[in-house]
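okay, predicted coordinates and the sequence, questions at the end:
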Amino acid sequence: MSYAYLFKYIIIGDTGVGKSCLLLQFTDKRFQPVHDLTIGVEFGARMITIDGKQIKLQIWDTAGQESFRSITRSYYRGAAGALLVYDITRRDTFNHLTTWLEDARQHSNSNMVIMLIGNKSDLEARREVKKEEGEAFAREHGLIFMETSAKTAANVEEAFINTAKEIYQKIQDGVFDINNEANGIKIGPQHSPANQSLNVGGSGGNQGGNCC
Amino acid sequence: MAFLQWRRFNFFDKEAVKNPATDQVFDLLKDVNVSACTSGRGQLVVGDFEGNLYFINRQMELTAFRAYEIRVTHLTQLKQHNLLISIGEDEQGINPLIKVWNLDKMERGSPTCTRLTRAIPGNKPTPVSAFAVHDNLNFMAVGFENGIVLLFKGDVTRERHSKSRNVFEGTKRVTGLVFKTMGKDVILYVVTENSLHTVNITAKDAHMKLDDTGANPGCIVMTDASQDNQLVIGRPDAVYFYQPDGRGPCLAFEGIKLQLHWFRGYLIVVGKESKAMPRAPVLGPHGMEMNTVTVYDIQNKFIAYSAPYPEVIDVMCESGSIFIFTGDRKLYQLQEKDTQSKLEMLFKKNNYSLAISLAKSQQLDQDGLIDIFTQYGDHLYGKGDHDGAIDQYIKTIGKLEASYVIRKFLDAQRIHNLTKYLQALHKSQIATEEHTTLLLNCYTKLKDVSKLDEFIMTKNREVDFDVETAINVCRQSGYCKHALALAEKHEKHEHYLKIQLEDIKDYQKALAYIGKLEFEPAESNLKQYGKILMSQVPNETTELLKRLCTDYRPNDKPLIDQVSLDGGIGKIQKAQAEEFIHIFVNNAGKLTEFLEHMIEVQPASSNLVYNTLLELYLHDMVHEKVISARVERERKTLELLKNPDANYDIDQALILCQMNNFKAGILYLYEKAHLYQQILRYHMEHNEYVHVIESCKKFGQQDPQLWVQALSYFACKEENCKSQLMETLTHIDKKNLLPPLMVIQILAHNSTATLSVVKDYIVRRLQMENDQIAEDERLIKQYKEDTEKKRIKIEDLKTSAKVFQASKCNICSHALELPSVHFLCEPHSFHQHCFESYSENDMECPVCAPENRKIMDIIRAQEQSRDFHEFFHNQLERAPDGFSVVADYFGRGVFNKVTLITDQTGKGVSGTSTYR
Ligand SMILES: Nc1nc2c(ncn2[C@@H]2O[C@H](COP(=O)(O)OP(=O)(O)OP(=O)(O)O)[C@@H](O)[C@H]2O)c(=O)[nH]1
Ligand SMILES: [Mg+2]
Ligand SMILES: [Zn+2]
Ligand SMILES: [Zn+2]
């Protein structure tokens, strides 16, 4: 499937907040009830359309466990968007946001669009972090904010797509240099004739991404 | 810190390989100083530091031959071809030699060496550190300790035509080389101790650096197609996956890795226990260090096997098994368990989701999967996770008996789950009526109108349920709008109308709906629901009825439909008005309007229509109190009666008029039915003398007896009705209806009728009789005389001769000449030529012939009419004077037995003339 742009995303946040589930819901429209700890970094992709343009999202789902931090960090580079996820039923995951944010800002592109996500909105009864708190944090740090549920799929599409829209807008505004792949943006093969030799088609699966 | 790992199972059975000859543990290689291993096409191949090559076949039988003088360093067995390629040394010093062995061609017990090539980059010999052969037998790459990669292009089995070139020049030892074909391109991965590169050997050796870290020898492997042919590199922190365009995912399997292997979707890692282990390395037999062999299922993310082995020399994946060759020169075979046993192990641990993904990746059949879903569902249900359970049960739809699931969720608490399941059943098109009922009941219990909407109202949705059931359920639970929508969508007219009329009570809509139906359903539904519609919306119902009974066309239909466009004649469809009369029950006004319309557009309406309309008019009339209006009504009623088209039943109409005492109507009907006697009687009963007389005058012509009856009537009247009596009598007299004697008799009944009343009559009558007698006698006398004259004449003709003295021709009036013709009559004489041209036959006198013929005709007619007894009797009865009739007939000879003799009297006699 050809695309106009490829955006690279990372998903970060504490273990168990639902990062892998968000990705699975977005790419496969499925929910996985058991916690399969992510060991390392996984990968997913999906095509979306913005402004009539096909955009391929290449999404890197990282392990939230502290001990994998050094490995996952090496994947931050060259991401155009990040989903910073916490679990609204666990305050500590919210408290760790600052650390995550610092880490991300330090290891990635300064123009990276960050979407703050309060996940598990379906578990209202067990909520520990108010929506207003999430909004306040996002405002304070210049992030976009959204509450989602990977279980019911509420806002999941929106989270990924709104991030893409934001990136797309930044491209339109000339903020991103799209010719520098370190920005996490790539022009589709047929859109840049020079850059077609090494790209294999196909979406999803564990397929390699950019050189980083 | 917790050791973070994937779930661990034991999906492989370990077995020490035996020597088939001794049935003891395989120890044929126990003294071999192993330098390299490979495998392929069912055999394991081992090389040693003495230059020998050992082959172990499927039966574990060993063969060997010497391949190099000094040692073997690298071995590669091709998968597609029975070729073995080795690198080793024949002479002291650094002098690597590539040898290609054709294993199919044996020469004195050893395979044929088809090629022998020196592997030297540039002109300075260096030890070979990595080696790869492309399966297309066209490329061979050799990496050296000094960081150079040499590529041989051309048929690898032959020295000739083979060309070599340096494709890579690094600084560190080359630790791994792997070919990858991508379309037309062939990419060579070059792994060194501290970096990772690709070289596109089909595109001018284009070079790209993929990573700043490299790998140790042995820690480089290629996945199979199930994992997109990725390059896997093992490093202490993780294993990393690469594609030619960059780094992909990574799996953080910690620990020092010695070897990586790939076996059918499994990644095999031979590792040393983590450096973090506080204890000294675990030692195995003969003081050997213990390694761990771990088999990872990359797709399903679990550890399929993990166990320690002493100093693993190599792992060979051959003949569907994993062979582990350990430092003690023993061979272990790992055999994968069958799917069913693996699943059972997962079930025991309640690890159903893994079981499902495993079953899918192993292409388990549908039944097997359904079984897992069921068990999983049962498990979740047992745990109280009903949401989860239902999701699993939904996947069993079509195979697992639906009732099994439904029964579990019938509890009111589980209604949401049940709903979800039932929806899924419908979506799979296998829902029964009961399921539909149940689902709709769920919706209504949950008051989930939006779902109900979706289920019912969604346009163009495939219908996966029984419509009537759905309508009924919705209706019963008060969701009339939904029931209605369903009925409309599926054209269940009867249901639609029932709901609209009985539940919603929107009569207008119901009526509008009928108006849009085709003729037949419109007709039958109007018959069925007309009564209630009429009672609620009489005006509109009447209008619709008018349409229906005139020239019906559904409301929405274009004026010109396909039929008429196609040239066919659209047939007029209309219902019978009389069949709808009953629906007007108490609405005489509307019924009148309707019927009036009907007879207007369709004068030839049925008898029932007219009868009913008449009845309505009469009823109206009778109940009208205002005189002027009443007069108008009477006029209208009478007009209807007189309408020549009005096809009412006269008897019925009469009864109606009589019941309503509508005089004008009654009389008109009598007249129409020629019941003059009834008219007379009617007037008599009402003592309307004037009318009695008038009726007699009016109808006396048709029935003279009326006068007679009038006479009797007036005669019986005690009051003075002399004038009437007189008039009657005059008529009777004029028409001679009764003999005077009878008149007298009748009048005798009347006590008031004086002689003066009849005096004139009697006197006149007597006078008339006298005159008649005198006249008759005169005639008798005259006839007698005539008879006498004729008799004399006949006698005369018979006896005396006749002299024809005529001088003129009776035809042309000229003087008579010969030849001439003479007749006895008159006498008449003619020129012969005149006679011939005038006479019709020569026996008759042309002058007398017309008169004679007249008489003959009368006689003949009388003769004929003698048979008309009936006619005679009739005449006799009706005649005021029967005697004269009899006399008339007598006179015509009716009573004669003898036929009149044809008159011969006029027969011509020829005199002097010629006569033919
Ligand atoms: N109720 C609910 N549970 C969720 C949601 N998202 C994830 N979960 C559950 O939370 C657990 C963790 O989800 P994962 O997606 O594996 O968490 P993760 O963020 O990837 O964790 P790491 O891989 O360890 O970093 C799983 O049991 C999920 O079923 C959600 O939106 N609602
Ligand atoms: Mg995860
Ligand atoms: Zn004549
Ligand atoms: Zn004559």
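Arrived safely. Residues are numbered from 1 along each chain as shown, chains lettered A, B, ... in the order given. Ligands and ions are numbered 1, 2, ... in the order given.

next one: the residue of chain A found nearest ligand 4 from ligand 3, what distance?
As assessed by CB to the ion, ligand 4 sits closest to A:Gly52 within chain A, at 128.9 Å. For glycine as for every other residue, the C-beta is placed from the backbone atoms N, C-alpha and C. The spacing between A:Gly52 and ligand 3, counted by CB to the ion, to the nearest Å, is 128 Å.

then B:Ile56?
Counting by CB to the ion - B:Ile56 and ligand 3 are separated by 165 Å.

just B:Phe455 next, same as before
Noted for B:Phe455: a distance of 120 Å to ligand 3, by CB to the ion.

quick check: buried residues in whichever strand or helix holds that residue?
For B:Phe455, the element it lies in under DSSP states H and E is helix B:449-457. Buried residues in helix B:449-457, counted by 16 or more other CB atoms under 10 Å in any protein chain shown: B:Lys451, B:Leu452, B:Phe455, B:Ile456.

tally of neighbours for the closest residue to the first one other than its chain neighbours?
Take B:Lys451 and drop its neighbours on the chain: the residue closest to it by CB to CB, 6 or more residues apart in numbering or on different chains is B:Tyr443, 5.3 Å away. Residue neighbour count, defined by other CB atoms under 10 Å in any protein chain shown, stands at 27 for B:Tyr443.

and B:Glu107, by the same measure?
B:Glu107, neighbours per other CB under 10 Å, totals 10.

please, which helix or strand holds B:Gln528?
For B:Gln528, the host element (DSSP H and E) is helix B:519-536.

buried sites along that helix?
With burial defined by 16+ other CB under 10 Å, the residues of helix B:519-536 counted as buried are B:519, B:521-523, B:525-526, B:528-534, B:536.

same check on stretch B:7-22?
B:Arg7, B:Phe9, B:Phe11, B:Phe12, B:Val17.

those in helices, which ones?
Among the buried residues of stretch B:7-22, no member is found in helices (DSSP state H).

B:Arg58 contacts B:Ser319, doesn't it?
Yes - between B:Arg58 and B:Ser319 a contact is recorded at 6.0 Å, counting by CB atoms under 8 Å.

overlap of the contact sets of the two?
B:Gly42 (CB atoms under 8 Å, 6 or more residues apart in numbering or on different chains).

next, format the buried residues of helix B:449-457 as CSV and append distance to B:Asn216 and pLDDT.
Conversion of the buried residues of helix B:449-457 to CSV gives the following (distance: CB to CB, whole Å; pLDDT from 0 to 100):
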residue, distance to B:Asn216, pLDDT
B:Lys451, 61, 79
B:Leu452, 66, 79
B:Phe455, 63, 77
B:Ile456, 67, 75
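
show the end-to-end separation of stretch B:302-322, please.
18 Å (CA to CA, to the nearest Å).

what does stretch B:240-254 give?
Span of stretch B:240-254 from end to end, CA to CA: 12 Å.

and it, how far out from the chain's middle?
Computed by CA atoms, centre = their mean, to the nearest Å, the separation of stretch B:240-254 from the middle of its chain amounts to 59 Å.

one step back: contacts with ligand 1 among the buried residues of helix B:449-457, please.
Residues of the buried residues of helix B:449-457 in contact with ligand 1 (CB under 6 Å from any ligand atom): none.

possible to save those residues as TSV with distance to B:Val25?
Formatted as TSV, those follow (distance: CB to CB, whole Å):
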residue	distance to B:Val25
B:Lys451	68
B:Leu452	73
B:Phe455	69
B:Ile456	74
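
show me what the lowest-mean-pLDDT helix or strand in chain A pairs with in its sheet, parallel or antiparallel.
Scoring the helices and strands of chain A by mean pLDDT, DSSP states H and E places strand A:185-187 at the bottom, with a mean of 85. Using DSSP bridges, strand A:185-187 pairs in its sheet with strand A:5-12 (antiparallel).

and the next helix or strand past the helix or strand bottoming out on mean pLDDT in chain B?
Least confident helix or strand of chain B, by mean pLDDT, DSSP H and E, is helix B:562-565 with a mean of 54. For helix B:562-565, the succeeding helix or strand toward the C-terminus, using DSSP H and E, is helix B:588-601.

tell me the angle that following helix makes with helix B:519-536.
In terms of direction (axes from the mean of the first three to the mean of the last three CA atoms, to 10 degrees), helix B:588-601 departs from helix B:519-536 by 140 degrees.

tell me which residues of helix B:588-601 come out buried.
Using 16+ other CB under 10 Å as the burial criterion, the residues of helix B:588-601 that qualify are B:Ala588, B:Lys590, B:Leu591, B:Thr592, B:Glu593, B:Phe594, B:Leu595, B:Glu596, B:His597, B:Met598, B:Ile599.

convert the C-alpha atoms of that helix to PDB, please.
Extracted C-alpha coordinates of helix B:588-601, given in PDB (Å, rounded to 0.1, in the frame of the first residue of the first chain):
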ATOM      1  CA  ALA B 588     -75.700   7.900   7.300                       C
ATOM      2  CA  GLY B 589     -74.500  11.300   6.000                       C
ATOM      3  CA  LYS B 590     -71.200   9.900   4.700                       C
ATOM      4  CA  LEU B 591     -72.800   6.800   3.300                       C
ATOM      5  CA  THR B 592     -75.200   9.100   1.400                       C
ATOM      6  CA  GLU B 593     -72.300  11.100   0.100                       C
ATOM      7  CA  PHE B 594     -70.500   8.000  -0.900                       C
ATOM      8  CA  LEU B 595     -73.400   6.400  -2.600                       C
ATOM      9  CA  GLU B 596     -74.400   9.600  -4.400                       C
ATOM     10  CA  HIS B 597     -70.800   9.800  -5.600                       C
ATOM     11  CA  MET B 598     -71.000   6.200  -6.800                       C
ATOM     12  CA  ILE B 599     -74.200   6.500  -8.700                       C
ATOM     13  CA  GLU B 600     -72.900   9.600 -10.300                       C
ATOM     14  CA  VAL B 601     -69.700   8.200 -11.600                       C
END
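
now the next helix or strand after that helix, how far from the chain's geometric center?
Note on helix B:588-601: by DSSP H and E, the next helix or strand toward the C-terminus is helix B:607-623. The chain centroid and the centroid of helix B:607-623 are separated by 46 Å under CA atoms, centre = their mean.

and the angle from helix B:607-623 to helix B:588-601?
130 degrees.

and helix B:607-623, what does it pack onto?
helix B:588-601, helix B:627-642, helix B:650-659 (3 or more CB pairs under 8 Å, 6 or more residues apart in numbering or on different chains; DSSP states H and E).
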